[in-house]
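> sequence? don't have it. structure:
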């Protein structure tokens with residue numbers, strides 16, 4: 001005859017519960033970071049005044065699976081092979097041109113399909129240089145930093161493929177006193 005199976009004592013049961021809770025939390029955090037939302041550090045002044053060096057933003061990784069990219073979105077993307085910024089894996093810039101757009105700068109002002117682009121996010125007095133007329137190909141976007149005088153962007157490395165986009169930056173979370181939606 002077998003001895004009856006005893007339920008584990010309370011301490012063992014509590015320890016197993018805590019292990020399960022911690023493991024579940026780690027799995028949940030991994031899934032959120034991988035598929036939904038991720039924090040990114042701003043390594044330069046290329047997006048100033050919208051974002052400052054050292055700011056941290058949250059990036060929605062799902063939004064472009066639900067809707068198209070919009071002009072004016074601030075996006076994080078994997079560094080194109082022909083871009084500088086060696087050692088930096090991801091870049092952050094603003095979407096200026098969409099597939100099919102004809103983009104150019106005249107007298108320091110950006111024009112999209114012949115119409116002046118209103119850009120309230122750049123500092124007064126900043127101008128856009130080095131942007132000859134070009135048409136954006138399908139599945140590509142043209143990105144530029146808000147700090148036009150200190151940004152390596154599509155004017156240098158060209159339009160980027162949409163599949164390089166990690167997601168849309170939607171909120172600055174650090175420093176706390178500058179918390180804001182983007």
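The structure has been received and is ready for your questions. All values reported here derive from a predicted model rather than from experimental measurement.
> so where's this structure uncertain?
Within the chain, the set of residues satisfying pLDDT under 70 comprises 1-8, 31-32, 34-35, 85.
> next secondary structure element downstream of the longest helix seen in it?
Ordering each helix of the chain by length in residues (DSSP state H) puts helix 10-35 first. As assigned by DSSP states H and E, the chain's next helix or strand after helix 10-35 is strand 37-41.
> list the contacts of that following strand.
With contacts defined as CB atoms under 8 Å, 6 or more residues apart in numbering, strand 37-41 is touched by 54-61, 76, 90, 92, 166-167, 169, 173. To be clear about C-beta, it is placed using only N, CA and C from the backbone, and glycine gets the same treatment.
> and those residues, which of them are in strands?
56, 57, 58, 59, 60, 76, 90, 92, 166, 167, 169, 173 (DSSP state E).
> need the residues you listed in JSON lines with neighbour count and distance to residue 120, can you?
Shown next, in JSON lines, are the ones in strands among the contacts of strand 37-41 (neighbours: other CB atoms under 10 Å; distance: CB to CB, whole Å):
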{"residue": "56", "neighbour count": "14", "distance to residue 120": "23"}
{"residue": "57", "neighbour count": "24", "distance to residue 120": "19"}
{"residue": "58", "neighbour count": "19", "distance to residue 120": "22"}
{"residue": "59", "neighbour count": "23", "distance to residue 120": "22"}
{"residue": "60", "neighbour count": "17", "distance to residue 120": "22"}
{"residue": "76", "neighbour count": "21", "distance to residue 120": "22"}
{"residue": "90", "neighbour count": "17", "distance to residue 120": "26"}
{"residue": "92", "neighbour count": "25", "distance to residue 120": "18"}
{"residue": "166", "neighbour count": "19", "distance to residue 120": "25"}
{"residue": "167", "neighbour count": "22", "distance to residue 120": "23"}
{"residue": "169", "neighbour count": "24", "distance to residue 120": "17"}
{"residue": "173", "neighbour count": "13", "distance to residue 120": "23"}
